[in-house]
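> structure of the sequence below:
(one chain, ligands or ions: 2)
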Amino acid sequence: MSEYPLMLSLEKKPVLVIGGGKVAARKIAGLTEAGAKVTVVAPTLSPPLDQWHREQRLVWRKKPFAPEDVQGFWVVVAATDSAEVNQQVADSVQPHQLVNIADQPQSGNFTIPAHFRRGRLTVAVSTGGASPSLAVRIRDRLAAMFSRDWADALDTLMEKRNRLLREPTDKKETRAKLRRMADEALESLWDTRVD
Ligand SMILES: C[C@@]1(CC(=O)O)C2=NC(=C\c3[nH]c(c(CCC(=O)O)c3CC(=O)O)Cc3[nH]c(c(CC(=O)O)c3CCC(=O)O)/C=C3\N/C(=C\2)[C@@H](CCC(=O)O)[C@]3(C)CC(=O)O)/[C@H]1CCC(=O)O
Ligand SMILES: NC(=O)c1ccc[n+]([C@@H]2O[C@H](COP(=O)([O-])OP(=O)(O)OC[C@H]3O[C@@H](n4cnc5c(N)ncnc54)[C@H](O)[C@@H]3O)[C@@H](O)[C@H]2O)c1
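Residues are numbered from 1 along each chain as shown. Ligands and ions are numbered 1, 2, ... in the order given. Modelled structure (predicted):
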């Protein structure tokens with residue numbers, strides 16, 4: 001069976017990260033960028049996470065993981081260096097919780113794809129855990145094909161689209177215009193490489 005790709009709105013949502021090391025820091029960077037309210041359960045924090053804690057960008061519960069810690073969190077990420085603890089996290093969540101297990105993807109119910117952004121454009125690459133290193137390499141090759149100009153172009157497209165959708169014109173005509181706008185953007189920006 002294949003996985004279902006989705007983009008998750010995490011603004012103000014409580015997210016629990018177990019572990020305070022290198023991998024946890026990367027996940028937390030992405031989560032806070034998405035506006036999540038991150039709580040970390042870990043006996044120790046790496047220097048960057050300790051800094052974020054002092055800046056009150058995360059809540060730190062200084063302790064080893066216990067199964068009841070997952071209660072009340074919509075999203076849970078296990079990123080400790082202990083396979084046993086990570087598996088314990090997977091075993092503690094309820095079926096309605098989203099859980100990512102950094103060292104045993106099949107024990108969780110979501111993984112994080114390698115990705116890059118150009119403003120509102122997100123390009124994500126997943127190998128479903130087959131080779132995270134290959135996903136990163138493919139991501140890097142694709143990223144080189146997308147200049148920074150895509151960000152502005154998408155803002156402009158969104159404005160134009162919203163304006164068009166408000167106009168009381170024929171639906172067919174609107175759709176044709178929207179497609180033409182997309183074609184023009186693609187024509188002018190495709191393969192405008194990053195220097
Ligand atoms: C894309 C990215 C997103 C993110 O983590 O945010 C991500 N891994 C990244 C980095 C990275 N991963 C690894 C290294 C060290 C090796 C190296 O340097 O190559 C580095 C680099 C580093 O840590 O610096 C190795 C690794 N990864 C996993 C295992 C465990 C295992 O599979 O057993 C092992 C150890 C076994 C091995 O080596 O294979 C597991 C997972 N890693 C995934 C995603 C998910 C599947 C994605 C997919 O396949 O589509 C999945 C299943 C779970 C998850 O969702 O976490 C992020 C890109 C960062 C960026 O943007 O640059
Ligand atoms: N998914 C990925 O992208 C990816 C990439 C590389 C490695 N990994 C795997 O991720 C794991 C973490 O790697 P790392 O480099 O971040 O390790 P690390 O050594 O930098 O950090 C480990 C953290 O786990 C915490 N921890 C240990 N026991 C704990 C417990 N009982 N409760 C709560 N926290 C506890 C420690 O305090 C520490 O903060 C490893 O298992 C590694 O195999 C995953």
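
> which parts of the strand or helix carrying N162 are buried?
Element membership for N162, per DSSP states H and E: helix 149-166. Buried positions in helix 149-166, judged by neighbour count with 16 or more other C-beta atoms under 10 Å: 150, 153-154, 157. C-beta coordinates here come from the backbone N, C-alpha and C atoms, glycine included.

> now swap in stretch 176-188 and tell me
Buried residues in stretch 176-188 (16+ other C-beta under 10 Å): 181, 185.

> ok, the residue of the chain at minimum distance from ligand 2 - contacts?
Nearest residue of the chain to ligand 2, counting by C-beta to the nearest ligand atom: G21, 1.8 Å away. Contacts for G21 (C-beta atoms under 8 Å, 6 or more residues apart in numbering) come out as 42, 46, 79-81.

> now, which of these sits nearest Q71?
Among the contacts of G21, A42 lies closest to Q71 (C-beta to C-beta), at 17.5 Å.

> quick check, that closest one in contact with L16.
No: with contacts counted by C-beta atoms under 8 Å, A42 stays clear of L16, the gap being 10.9 Å.

> more neighbours, the two?
L16 (27 against 21; other C-beta atoms under 10 Å).

> which residues of the protein fall in strands?
14-18, 37-41, 59-61, 75-78, 98-101, 114-118, 121-125 (DSSP state E).

> now for the fifth one, which elements pack on it?
Contact partners of strand 98-101 among helices and strands, from 3 or more C-beta pairs under 8 Å, 6 or more residues apart in numbering; DSSP states H and E: strand 75-78, helix 83-92.

> buried deepest among those, which one?
Mean neighbour counts were compared across the helices and strands packed on strand 98-101 using mean count of other C-beta atoms under 10 Å; the top stretch is strand 75-78, at a mean of 26.

> isn't Q97 right up against F73?
Yes: the pair Q97 / F73 is scored as a contact, 6.8 Å apart, by C-beta under 8 Å.

> more neighbours, these two?
Taking other C-beta under 10 Å, Q97 and F73 do not tie; F73 has more neighbours (20 against 17).
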